[in-house]
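S.K.: Provided below for reference: sequence and predicted model.
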Protein chains: 2
Amino acid sequence: MPRVSQDHLDARRRQILDGARACFARHGYEGATVRRLEEATGLSRGAIFHHFRDKETLFLALAEDDARRMADVVAEQGLVQVMRNLLAEHSEPVGEHPADWLGTRLEVSRRLRTDPDFRARWAERSEQLTAATRARLERQREAGKLRDDVEVPVLTAYLELVMEGLVSHLAMGLPADDLDPVLDLVEESVRRHRRSG
Amino acid sequence: MPRVSQDHLDARRRQILDGARACFARHGYEGATVRRLEEATGLSRGAIFHHFRDKETLFLALAEDDARRMADVVAEQGLVQVMRNLLAEHSEPVGEHPADWLGTRLEVSRRLRTDPDFRARWAERSEQLTAATRARLERQREAGKLRDDVEVPVLTAYLELVMEGLVSHLAMGLPADDLDPVLDLVEESVRRHRRSG
């Protein structure tokens, strides 16, 4: 019954990813030991590393999950909306604090800096977010909604730079109550200029 | 001769700061051990910690140096120019790579997230950069060079968010060849709108 097996594998994979995400968020990347990953997923190390080669691969699978989810939102609503969602999740008072997961990403950026191999694997994951952003902007341009005096790759890099700033800001736990009008400004600055003269 | 003493103290302090900066840049925050700080400064641990209470205080003094220098550039030329300078330093092929110092800041952002005390000390240092940016924008507004449909605090937070994105981007060692036109766009988006109708 290969179909059942595949469903089983998928469910097991999902179980590991969900547990691992909570574990990274709570303990950070370094602090998420194999023992803690076992506890968080309810599975043995043998089972975990049957599905994911090592902790790094597991972490990158979560980052890929994020990138895919964000790319979906980007395709429909744009990267600024992704930023608005991050901001909204961040200010919600209940539940697991998403900044904790962002914090893990921040911790990992240290690896990015010093490990070219890891950087290459990471870049692969984030490439799809760039592609989705660029495709969305191309469509906006065709629809006449985008400013037409700046190339789409520049607008893409601009939005991504602001996104990096936001992730860094939230991950460091800096106050974010005043960022909604900032995102309005960002959104407006890629739109077609108002004719006002 | 108190005057000579003060000069001597200042020179000693400067010697420690210069050595420590190179040491942090090369080895990272954790890797900058007391022994390595001794080697880099040419002074004993006794001398170093006579001037700076501990490694954290030493690091924060360097961050304060940066903030002061940046605030000076901001006052004259604005925060976008600070970003342009960061970008230019980053792409210079010779000398110590400034991304290494940025990398140390990145490493430290982990502390920022988890240590409210450290965050408070850091915030104190970066406050002067915010103040300088805001003051500069107020002057630009008075001179009629700034867009007048967005409040100065929002424009300040906007520029700071982009700055955070740039620091994070450079610190992670991501490609930065395409960021000049992005900074043009950022600069233009705080200026008075062109009348084009």
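M.R.: Here it is on my side, so go on.

S.K.: by mean pLDDT, flag the weakest helix or strand of chain A.
M.R.: Here the helix or strand of chain A ranked lowest by mean pLDDT, DSSP states H and E is helix A:98-114, holding a mean of 74.

S.K.: return the distance of it from the chain's centre.
M.R.: Remark: helix A:98-114 is offset 11 Å from the chain centroid, using Cα atoms, centre = their mean, to the nearest Å.

S.K.: how about residues contacting it?
M.R.: A:21, A:24-26, A:28-30, A:59, A:63, A:86, A:89-90, A:118-119, A:122, A:167-168, A:170-173, B:28, B:99, B:103, B:106-107, B:109-110, B:113-114, B:168, B:171-174 (Cβ atoms under 8 Å, 6 or more residues apart in numbering or on different chains). Every C-beta, even on glycine, is put in place using the N, C-alpha and C of the backbone.

S.K.: in chain A, which residue is closest to the centre?
M.R.: Geometric centre of chain A, nearest residue: residue A:66, 4.1 Å, by Cα atoms, centre = their mean.

S.K.: distance-wise, check that one relative to residue A:21.
M.R.: 9 Å (Cβ to Cβ, to the nearest Å).

S.K.: same check, this time on residue A:109
M.R.: 18 Å.

S.K.: higher neighbour count, the two?
M.R.: residue A:109 (26 against 22; other Cβ atoms under 10 Å in any protein chain shown).

S.K.: from residue B:159, how far off is that one?
M.R.: 22 Å.

S.K.: what are the buried residues along whichever helix or strand residue A:87 is part of?
M.R.: Element membership for residue A:87, per DSSP states H and E: helix A:79-91. When burial is assessed from 16 or more other Cβ atoms under 10 Å in any protein chain shown, helix A:79-91 yields the following buried residues: A:79-84, A:86-87, A:90.

S.K.: same question, stretch A:128-141
M.R.: Quick answer for stretch A:128-141 (16+ other Cβ under 10 Å): A:129-130, A:132-134, A:136-137, A:140-141.

S.K.: what's the answer for stretch A:14-32, then?
M.R.: Buried residues in stretch A:14-32, counted by 16+ other Cβ under 10 Å: A:15-17, A:19-29, A:32.

S.K.: quick check, nearest of those to chain B?
M.R.: Using Cβ to the nearest Cβ, the shortest approach to chain B within these belongs to residue A:28, at 7.9 Å.

S.K.: just say helix, strand or coil for the closest one.
M.R.: Here residue A:28 is helix, with the state taken from DSSP: H, G, I helix; E, B strand; the rest coil.

S.K.: I'd like to check which residues are in contact with it.
M.R.: Residue A:28 sits next to A:103-104, A:107, B:110 when contact means Cβ under 8 Å, 6+ apart.

S.K.: again, 10 Å this time
M.R.: Counting by Cβ atoms under 10 Å, 6 or more residues apart in numbering or on different chains, residue A:28 touches A:100, A:103-104, A:106-108, B:110, B:113-114.

S.K.: so which of those is the most crowded?
M.R.: residue A:104 (26 neighbours).

S.K.: count of neighbours near residue A:189?
M.R.: Neighbours of residue A:189 using other Cβ under 10 Å come to 20.

S.K.: please see if the strand or helix carrying it touches chain B.
M.R.: Using DSSP H and E, residue A:189 maps to helix A:180-190. Yes. Using Cβ under 10 Å from any Cβ of the partner chain, helix A:180-190 reaches chain B at A:180-186, A:188-190.
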